[in-house]
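> Next one to model:
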Amino acid sequence: MIVVLDTNILARGSISRGTAVAAIIDAWRAKQFTLLLSAHILDELTHTLAKAYFARRLSPEQQAAYELLLTSVGTIVPITASVRGVATQPADDLVLATAVSGDAVYLVTRDRKLLQLGSYQSVAIVSPTEFLEHLQGVRPEDMLE
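Numbering: from 1, shown residues only. Have a look, this model is predicted:
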């Protein structure tokens, strides 16, 4: 199963413990799904983690280690799909384009406006809780090796 985690999920995943977002990051590390990334998402994440809120919670070394984990275990795809004017912000169009370009099944986000779309092309747009509910229903043979 191929999944895009929006920047807001990835950023929270760097510091969260005991939350739905933390459980999603743990499931990814346990290879329950393939994490799809793009240069756009990674750039947004670097910018987000540099903000004071995250800088107070993660050392520069922890930030670098987290980003290295994502890039070394996640799958980075070029954005080949053109998505314009679907989301309310151009940056969110690029997140949708990442999902479409990589044939993702899910886009997991906390962004209310993206969630209101429900889906785009063949990508289901779901909250962290909804995604976890789906993961709990995944059969072992559907998981990654």
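
> alpha carbons only for contacts and neighbour counts from here, please
Fine.

> what sits up against the helix ranked longest in the chain?
Longest helix of the chain, by residue count under DSSP state H: helix 60-73. Identification of contacts with helix 60-73 by CA atoms under 8 Å, 6 or more residues apart in numbering yields 14, 35, 37, 42, 46, 49.

> just curious, which of these is nearest to residue 2?
Closest approach to residue 2 among those (CA to CA): residue 35, at 6.2 Å.

> pLDDT below threshold where in the protein?
Where the chain drops to pLDDT under 70, the residues are 138-145.

> For residue 5, give me its contacts.
Contacts of residue 5 by CA under 8 Å, 6+ apart are 35, 36, 37, 107, 108, 109.

> Just grab the bridge partners of the fifth one for me.
With beta bridges defined as DSSP bridges, residue 108 has these partners: residue 5, residue 126.

> Equivalent analysis for the second one, please.
Listed by DSSP bridges, the beta-bridge partners for residue 36 are residue 4, residue 75.

> That one: neighbour count?
Applying other CA atoms under 10 Å, we find 25 residues neighbouring residue 36.

> what's the answer for the first one, then?
Here the neighbour count serves as a burial measure; for residue 35 (other CA under 10 Å) it reads 21.

> what does the third one give?
The burial metric for residue 37, expressed as a neighbour count using other CA under 10 Å, is 25.
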